[in-house]
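Peer 1: need a structure here:
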Amino acid sequence: MKKLVSLSAIAVALCGILLSGCASSGKSSGPVSVHPRDYTFDVIDGGSEVLNLVFNSYGPNYQVVPDFTALVKKDKPQKGDTVTFKMKATSDVDLPLLLAYPCSTSPSWTPLDNQVNDERVLAENVKAGEAFECEITFVLTGNMGGNFALCMQYDNPEQDPKTGGPCVLTLERICESTDTTKEVPATPHNPNVTVQIEKYSALTEIATNHPWVNGAQDMSVIANYQANPDFTAAFGDDLPIVGDNVHITWHAVSDVDISKIYCRLVDCSSAANWWKELNHTDEELAAAEGVEDPWHSSKFVMIENIKAGEVFDVDFNLPVEEKPVQQVNFCMWYEIGDANPDGPALIKFVRD
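Peer 2: Have a look, this model is predicted:
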């Protein structure tokens, strides 16, 4: 999260406050993939119907960053494109001023406009409990990076009057968002992707994992041993959807004995607030197996009885039970006492 900074530049956006209507924007104004072009997004399609603006110490302010990457992955916004964001919402607190600007948060935080704060006003004089509609338009001054998002924030030191405390916005749909996946002919979706771990992670360290307490890791306690490598590249531009199967293989060797390695799918992207579970636990299975913690049922056991220095092969399947926002990571872990000697493990790719 970053501080909203003022930039001295000529205005390149139009802002409408408390608008009463919204036309469908499912189609672009010109041929697909011909730029500059227009995009329109309903903020509700940024990942959630409820937005929590929470404290951002970099501001300091209160901030949320809806992410629209999934909608533009087939035709990414570029410099010179026009992007409009529309929103219908109800706030739980009074908001004298709500600012917004387009950005990429990956690989680094990059604003995609050159407007000053007065030109970034999304809404103002919002009353708690009263529905309001608003929109804002930008001409992009740069190409998107790894993702495309809208930074929304208030209570910036440069704003007056100020508000205090977090804010919850409950959204209603106001229009259809541009969805480039519907515009550009896509290759058939592959519901059964095989991921060779060694292809994307030749060296995997399953390292000491400390528990998080009140936003900080307690370094005096070991929770387990864990790695969360990113395998998004294995899916190309076609992220898995609910109902898909991920087939995991691994041809490697460990430097320690490990009795049991577990694995589940997660999304560790900033767009997913750093952690979104993509698998569900199976309490009935765990109960039938006499396992107290359902994360330790056979559903998540990737491999057992690894011997140090001996090549092992994984052949493991996981269902996709929640749609990823931006990434697919494999959370691979083992518990205290499951390695000999107890502690972290280095697992290396084996070249036959």
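Peer 1: can you give me the helices for the stretch 1-150 of the chain?
Peer 2: Secondary structure of the stretch 1-150 of the chain, counting by DSSP state H, counting those that start in this stretch: helices at 69-72.
Peer 1: show me where it has its strands.
Peer 2: Listed in chain order, the strands of the stretch 1-150 of the chain (DSSP state E, counting those that start in this stretch) span 15-17, 38-42, 50-56, 61-64, 82-91, 95-104, 110-111, 121-126, 132-139, 149-154.
Peer 1: reformat those strands as CSV; add mean neighbour count.
Peer 2: All C-beta spots, glycine's among them, are computed from the backbone N, C-alpha and C. Below are the strands of the stretch 1-150 of the chain laid out as CSV (neighbours: other Cβ atoms under 10 Å):
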stretch, mean neighbour count
strand 15-17, 16
strand 38-42, 23
strand 50-56, 17
strand 61-64, 24
strand 82-91, 22
strand 95-104, 23
strand 110-111, 18
strand 121-126, 20
strand 132-139, 22
strand 149-154, 25
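Peer 1: and residue 297, which of those is closest to it?
Peer 2: Of all the strands of the stretch 1-150 of the chain, strand 50-56 sits nearest to residue 297, with 31.2 Å by Cβ to Cβ.
Peer 1: strand partners of the closest one, parallel vs antiparallel please.
Peer 2: strand 61-64 (antiparallel), strand 167-172 (antiparallel) (DSSP bridges).
Peer 1: quick one, helices of the stretch 251-352 of the chain?
Peer 2: 283-289.
Peer 1: all strands of it, in order?
Peer 2: Under DSSP E, counting those that start in this stretch, the stretch 251-352 of the chain gives strands at 257-267, 276-277, 301-306, 311-319, 329-334, 339-340, 345-349.
Peer 1: most tightly packed of those?
Peer 2: Of all those, strand 329-334 has the most neighbours on average by mean count of other Cβ atoms under 10 Å, namely a mean of 23.
Peer 1: isn't residue 63 up against residue 56?
Peer 2: Yes: with contacts counted by Cβ atoms under 8 Å, residue 63 reaches residue 56, the gap being 4.0 Å.
Peer 1: thinking again about what came up before, to residue 254, which of the strands of the stretch 1-150 of the chain lies closest?
Peer 2: Among the strands of the stretch 1-150 of the chain, strand 95-104 comes nearest to residue 254, with 37.6 Å by Cβ to Cβ.
Peer 1: so who does the most centrally placed residue in the chain touch?
Peer 2: Nearest to the geometric centre of the chain sits residue 271, at 2.5 Å (Cα atoms, centre = their mean). Taking Cβ atoms under 8 Å, 6 or more residues apart in numbering, we find residue 271 in contact with 47, 65, 67, 69, 105, 147, 149, 325, 326.
Peer 1: double-check the third one against residue 48; I have them as touching.
Peer 2: No: Residue 67 sits out of contact with residue 48 when judged by Cβ under 8 Å, with a separation of 9.8 Å.
Peer 1: which of the two has more neighbours?
Peer 2: Neighbour totals were compared for residue 67 and residue 48, and residue 67 leads with 23 against 17 (other Cβ atoms under 10 Å).
Peer 1: which non-adjacent residue is nearest that one?
Peer 2: Spatially, and ignoring its direct neighbours in sequence, residue 67 is nearest to residue 271 (3.7 Å; Cβ to Cβ, 6 or more residues apart in numbering).
Peer 1: surely residue 62 and residue 56 touch.
Peer 2: Yes: if you go by Cβ under 8 Å, residue 62 and residue 56 touch, sitting 6.6 Å apart.
Peer 1: what do the two both touch?
Peer 2: By Cβ under 8 Å, 6+ apart, the residues touching both residue 62 and residue 56 are residue 153.
Peer 1: domain ranges for this protein, per the record?
Peer 2: Domains of the chain are assigned by automatic domain parsing as 15-183, 192-349.
Peer 1: could you dump these into TSV with mean pLDDT added?
Peer 2: Below are those laid out as TSV (pLDDT from 0 to 100):
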stretch	mean pLDDT
domain 15-183	85
domain 192-349	95
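Peer 1: what about stretch 289-301, distance to the chain center?
Peer 2: Stretch 289-301 has its C-alpha centroid displaced from the chain centroid by 27 Å (Cα atoms, centre = their mean, to the nearest Å).
Peer 1: next, the distance between the ends of it.
Peer 2: From its first residue to its last, stretch 289-301 covers 13 Å (Cα to Cα, to the nearest Å).
Peer 1: what lies in contact with it?
Peer 2: Residues outside stretch 289-301 that contact it (Cβ under 8 Å, 6+ apart) are 260-264, 279, 281-283, 285-286, 318, 335.
Peer 1: now for those: which two are most distant?
Peer 2: Those two in the contacts of stretch 289-301 that are separated most widely, counting by Cβ to Cβ, are 261 and 283, at 22.0 Å.
Peer 1: what is the burial count for residue 128?
Peer 2: 11.
Peer 1: and the closest residue to residue 192 other than its chain neighbours, how many neighbours does it have?
Peer 2: Distances taken as Cβ to Cβ, 6+ apart put residue 245 closest to residue 192, at 5.0 Å, once the chain neighbours are dropped. Using other Cβ under 10 Å, residue 245 has 13 neighbouring residues.
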